[in-house]
Every structure is written in structure tokens, then in C-alpha cells.
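S.K.: What follows is a predicted structure for the sequence shown.
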Number of protein chains: 2
Amino acid sequence: MARTYDPQALVEGALSGERASIARLISMVERGGDSAHAAIAKLYPHTGSAYTVGITGAPGAGKSTLTDKLISRIRKDDVEVGVLAIDPSSPFSGGAILGDRVRMQDHATDTGVFIRSMATRGHLGGLSLATPQAVRVLDAAGKPWVLIETVGVGQVEIEVAGEADTTLVVVNPGWGDAVQAAKAGLLEIADLFVVNKADRDGAAETVRDLEFMLDLSLDSDWRPPIVKTVASKGEGFEELWDAILSHRAFLESDGRLAARRTKRIREELRAIVVASLYERAGELLSGEHFDKLAAAVEAREVDPDSAAESLLSETLS
Amino acid sequence: MARTYDPQALVEGALSGERASIARLISMVERGGDSAHAAIAKLYPHTGSAYTVGITGAPGAGKSTLTDKLISRIRKDDVEVGVLAIDPSSPFSGGAILGDRVRMQDHATDTGVFIRSMATRGHLGGLSLATPQAVRVLDAAGKPWVLIETVGVGQVEIEVAGEADTTLVVVNPGWGDAVQAAKAGLLEIADLFVVNKADRDGAAETVRDLEFMLDLSLDSDWRPPIVKTVASKGEGFEELWDAILSHRAFLESDGRLAARRTKRIREELRAIVVASLYERAGELLSGEHFDKLAAAVEAREVDPDSAAESLLSETLS
């Protein structure tokens, strides 16, 4: 098959579930720019069916293995699943990282699973803007479930995971792990806690710590359940899947899911506008006019605020 | 004396070195907004004489005591000095924090010293934008030296300290302290290293570590000297002051100081423009037009990128 980068052809390919087209479209939205915009504009009317699950927690908590076993559980019901592994720090993407390859082996022959890593391209807000677009590609391609797994708990990753329909926060047994999660800002975004490696000492204490923190801080009508898993042995995944489905059912009652998605759309629009303004700032801040004004400020002919004002008004009006 | 908040009167007061006017003008630039802009526009032609010294390093390195003793050394030469203590995390400002009071006692009766804390007002880029303005107030008020001391080594503090004419990085003896400084990004901004508490074990090793890192990383024609002090006992301050004067003399030769200040003015203009664009984003992202577009995106009548574009083009053109 000839490789195509024509947005229309790629969109048609993706809509029929064709894997190479899905992969190329995700690369496209990762890069951003006009062709990504054109492709998403075509895809967008075909989206809205996928349900997203965010999976976050400290490095080493076993998120990859957990995601892997969750994929297996979802596939038992014979529904398709897309997976995005978000790694802002990785210079690699497109399935090049080790974790992907390992997991790909488990699901390599399963055409109902599409796994993909996303790394930063170095541009501001890159992953925060690209992730919802990548979800749309998988959504339009007919994946009813999309898992968004983060590699670490950086600001971007928390943001991305927190914007899923259901967000899982993974912790491990051990003193202080629950406190660390709270400090990292994970308490606020958790719809569900997973105590993974629950066959280790301290699992009961960690559950108790989490319950205690929920007692202290809870102010919504959903109390995040706490599920124990041993991902390496595949234990606890019926319970985890049930808990995810319960949260989904909760959100789908009383228009909560719709309200959550409305909020998310508004936040995404904000983020795109801010990123565009940043780009525009780059244009304002180069060229002859800027040089002249900077020189005038240096010569004390004009103060910095007035110079900035003139820069803004002349270029934006 | 009646309290005045008239910018013109405050500027005249500050120009004649009147303390209450200086304090009120600094509060004004801390808050930002139109009156600060008006006041600085009036002050600005009277600035350009002050030389700034940034003092940064990890919490507990003894920066406050060091600053205190450096003030005393400068005052020996009977020149006036202004001091700004930058504390992004403090909810207090205007001289309310403990450190200020302690130091104020040492210099309380000395009218040649003006000490002031600056805290964040919670707005984006607040301290980065307000600090150069506060320096201008002290500059116009006739302080030939302005010390800018940071409380910690957060991103804002490193930025603020790094934009002084001469930047001091304070470390302590002890394994790893030099490495921590490097990790925090302090190596790049240091014009001068101070190993404070140099009467403790490991001072020689810390000096050696710093020399080694300088050997590895140095790519400019100024090699930061390393000065040992024991601030609590006032030891090493002749050497420190000499080192500061040497760096100043170095910068003043061959137009280096002018070049550094040109670069700084350009960076400040950039920062003001970016902050203004952020404010403008706030306007774009509220109101009826935004609500309508967000609803259209939700209804999948328009994709997010196109909606953002329409928002930007209609409001900015």
C-alpha cells in the first residue's frame, strides 16, 4: 500500500478502522499545525461515542502492567480499545518506547487493540492540546473505550489524566504513598483509587489512609471507591472494571457526563486560544518595530509599559 | 503628614528620597495596573544609575544574614543601598515578614538603607514584572546599589536574581550542595559563588566541586570567583565586596554592562507583552460569543480549532 499523507484519505482510512491511517493521524495531531487542523475538522462530526479512562500515579506504581491487564479485561467483553501512553519527558513517540513494545507483544495479534505513545514535541501546551485530538482520532475510528495512561505525575500528565471521563489514581502499599498522591494534586482528580501491588505489606493501611483523606476532603456526591489489584498476577480486575462501569453509570445519570464534557470543551477552547496568543506574541516580539521600541526604552525616551502597549495596539488593531 | 496616593506627588517624594513615598510606590508596582504605569512613566527618565546585585541560593544557605552583612559593608563606604527581598510564596509583603523585621533592627536607624519585601499578588508573572519596576523606584530615589535577595530558588526567584547586573549564588559546605545548585539551574546565572558558613567541615571540598563544575561548563570570558564567608561572624565581606566590584568593573569594560542591560530590557518587554496577551485571553474567554462557540463545538457543528480561530479573529481584528 502506498503511504498517504492526504488528510481526506487518512480520515477515510481511520473511519474504517484502518490502523496505518489512525497512526498517521495521531502523528499529525502530535505535530499540530494546519494539516492536523484540517484532518480533525473532517473527523470531528464522527466523534462523541468514546468513553475515556485516565490512569495516573507515581512512576513505579505499576501503571503499565495495570493498563495491560485492564485492556485484557475490556477485550473479554469483545469491545475494542484504544490506548494513549502520555510521556512528556520522552524524546520518542510513535510507539518507539520500551513500554509499548512490551505491551504490544501481549496484544500484538489483537486487531481490537490500538496502543500508541505520545511524547512532547517541545511546543508549549503540546501534549495537553494534542491528547484530546488523538482521542478524537481513536473515537472516530470506532474505539468505544480509550485509556489514557501517564508515565509520571508531572503537571501536564495530571492535567491530561484528569480530563478523562473516569480518572484512576494508582498508589502502592507503604507509608506515605497516599500522602504523596495528595501532595501531587491527585486527590482532586481521582474518581477511583487503585492500590496496586496489594499483596505487599501495608495495603490495608494505605486503603485506610486514603479513606481518611477522603473523609477530610470530600465535597462532591461521588466518593471514589478504592480497589485493590495485583496487576502482575492479574488479580482484582473484575472489581476494577466493575468500579469503572459504576462510575460511568453514575456520570451518565442526571446529565453529569454531559456537564463534565461541556466543561472540558470550554477548557480546551481556552487552552487553544492561549496557545495561539503565545504564538502571536512571538511575532510581535521580533522584527524592526520591536527593535526600535526596545532601543527607545533603553534610551529612556519611553517607559517599558508604554512601549509594550504601543507594540500591542499597533499590531493587534 | 497626610497620606497621598497621587502618583505625581509620590514620584516627587521618591525623587527627593522620601521613605514613605518610596514604600507606597513599591506597593503600587507590586499591585500593577494603571496607576503603577503612570507613576513609573514619570520616574523612568530619572533611572539608570543604580547597580543591582542578585543574591540567591537554597533556603537555609544564610542569604538573609549575608545580605545583612553586605549592607553593612556597603554602608562603610557611605553610599546608600536599597534591598528587595523576593518571596513568591509569602502571602505577606510590605515589610511584614519576620526576616525583614530582624534585619530592620540592624539598620533601623540608618536612613541610607531601604529594605523591602516583595511577595506575589497571585497574578501571572507578577513578581517578574514588578521587581524591575521596584528597582526603578529605588534607582530614581537615589540608591546607587540595589540588592535583590530571593528567599528560595523557585523558577521566579532564579529568573529575578539572574537578571541583576551581578548575581551571587550562595551555597554551603557539604556533600552535594554544589551539585544541587547546578541542578536548580544556578550555575548558569552565577557571576560569583559564595560558600557561606565556610567555617564548617567540607568548605574546601565544596569550593573544589564548584571549580570542577566551572571547568566542565564554562563557556564565557568571565570565570565566576568563589568567595568564602561566615556571615554570622561577618567574615569574608571585604573579599566579597572586592569580588562584586571586580565583576562590575569587568562588565563596565568593553560595553558588557550595556549589552546585558539591552538584553534585559528586551526580555522585560517580551514579558509585559505576554502578560498583556494573557489578560486579553481572559476577555476572549468569557461572554456570550465564547458561550455560543463552545456550545457549537459541543454540538459538533464546529471543531475546536476552528472555533478558537473564529474567537481570535473576530476579537483581535
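M.R.: Yes, it's here.

S.K.: What segments of the stretch 51-200 of chain A are helices?
M.R.: With DSSP state H, counting those that start in this stretch as the definition, the stretch 51-200 of chain A shows helices at residue ranges A:63-76, A:98-107, A:126-140, A:155-162, A:177-183.

S.K.: and among the ones you listed, the most buried is which?
M.R.: Mean neighbour count (mean count of other Cβ atoms under 10 Å in any protein chain shown) peaks for helix A:126-140 among the helices of the stretch 51-200 of chain A, with a mean of 24. In short, each C-beta sits where N, CA and C put it, glycine included.

S.K.: just for the stretch 1-150 of chain A, where's the confidence low?
M.R.: Judged by pLDDT under 70, the stretch 1-150 of chain A has its weakly predicted residues at A:1-4, A:88-105, A:120-125.

S.K.: Show me which residues of it sit near chain B.
M.R.: Where proximity means Cβ under 8 Å from any Cβ of the partner chain, the interface of the stretch 1-150 of chain A facing chain B comprises A:37, A:40-41, A:44-45, A:47-48, A:132.

S.K.: Would you mind giving those residues as JSON lines with secondary structure and distance to B:L285 added?
M.R.: Listed next are these as JSON lines, based on DSSP: H, G, I helix; E, B strand; the rest coil; distance: Cβ to Cβ, whole Å:
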{"residue": "A:H37", "secondary structure": "helix", "distance to B:L285": "20"}
{"residue": "A:I40", "secondary structure": "helix", "distance to B:L285": "21"}
{"residue": "A:A41", "secondary structure": "helix", "distance to B:L285": "21"}
{"residue": "A:Y44", "secondary structure": "helix", "distance to B:L285": "21"}
{"residue": "A:P45", "secondary structure": "helix", "distance to B:L285": "24"}
{"residue": "A:T47", "secondary structure": "coil", "distance to B:L285": "23"}
{"residue": "A:G48", "secondary structure": "coil", "distance to B:L285": "23"}
{"residue": "A:P132", "secondary structure": "helix", "distance to B:L285": "17"}
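
S.K.: farthest pair in the residues you listed?
M.R.: Taking Cβ to Cβ, the two most distant members of these are A:H37 and A:G48; they sit 18.9 Å apart.

S.K.: which one of these two has more residues nearby?
M.R.: A:H37 (19 against 13; other Cβ atoms under 10 Å in any protein chain shown).

S.K.: OK, contacts around A:L240?
M.R.: For A:L240, the contacting residues are A:70, A:73, A:168, A:192, A:194, A:227, A:229, by Cβ atoms under 8 Å, 6 or more residues apart in numbering or on different chains.

S.K.: likewise A:G82?
M.R.: Contacts of A:G82 by Cβ under 8 Å, 6+ apart are A:50, A:113-116, A:135, A:138, A:141, A:143, A:145-147.

S.K.: rerun that using 6 Å as the cut-off
M.R.: In this structure, A:G82 makes contact with A:114, A:138, A:143, A:146, judged by Cβ atoms under 6 Å, 6 or more residues apart in numbering or on different chains.

S.K.: care to break chain A down by domain?
M.R.: Using automatic domain parsing, the domain parsing of chain A gives A:47-253, A:269-316.

S.K.: Leaving aside the residues adjacent along the chain, what's closest to the residue of the stretch 101-250 of chain A found nearest chain B?
M.R.: When distances are taken as Cβ to the nearest Cβ, the stretch 101-250 of chain A approaches chain B most closely through A:P132, which lies 7.7 Å from it. Here the nearest residue to A:P132 in space, its sequence neighbours aside, is A:E268; by Cβ to Cβ, 6 or more residues apart in numbering or on different chains that works out to 5.7 Å.

S.K.: And for A:S310?
M.R.: Closest residue to A:S310 apart from its sequence neighbours, by Cβ to Cβ, 6+ apart: A:L293 at 6.5 Å.

S.K.: What score does the one you found have for pLDDT?
M.R.: The pLDDT attached to A:L293 in the predicted structure is 91.

S.K.: Tell me the first helix or strand C-terminal of the biggest helix by length in chain A.
M.R.: Of all segments of type helix in chain A, defined using DSSP state H, the longest is helix A:256-284. Once the chain leaves helix A:256-284, the next helix or strand it forms, by DSSP states H and E, is helix A:288-298.

S.K.: Would you pull up how far that following helix lies from the middle of the chain?
M.R.: Helix A:288-298 has its average C-alpha position 41 Å from the chain's average C-alpha position, going by Cα atoms, centre = their mean, to the nearest Å.

S.K.: name the helices or strands packed onto it?
M.R.: Helices and strands touching helix A:288-298, by 3 or more Cβ pairs under 6 Å, 6 or more residues apart in numbering or on different chains; DSSP states H and E, are helix A:304-316, helix B:256-284.

S.K.: State the distance from the residue lying closest to A:S232 once chain neighbours are set aside to A:T206.
M.R.: Of all residues beyond its chain neighbours, the one nearest A:S232 is A:T65 (5.8 Å), with distances taken as Cβ to Cβ, 6+ apart. If you measure A:T65 against A:T206 using Cβ to Cβ, to the nearest Å, the figure is 18 Å.

S.K.: can you pull the buried residues of stretch A:167-177?
M.R.: Residues of stretch A:167-177 classed as buried: A:167-174, A:177 (neighbour count, 16 or more other Cβ atoms under 10 Å in any protein chain shown).

S.K.: If we only consider those residues, which is nearest to A:T262?
M.R.: Closest approach to A:T262 among these (Cβ to Cβ): A:T167, at 17.3 Å.

S.K.: Go ahead and confirm that closest one touches A:D191.
M.R.: Yes. Judged on Cβ atoms under 6 Å, A:T167 makes contact with A:D191 at a distance of 5.0 Å.

S.K.: Name the nearest residue to A:Y51, ignoring sequence neighbours.
M.R.: If the residues on either side of it in the chain are set aside, A:Y51 comes closest to A:D165, at 5.3 Å by Cβ to Cβ, 6+ apart.

S.K.: Distance-wise, check the one you found relative to A:R256.
M.R.: Taking Cβ to Cβ as the measure, A:D165 and A:R256 are separated by 10 Å.
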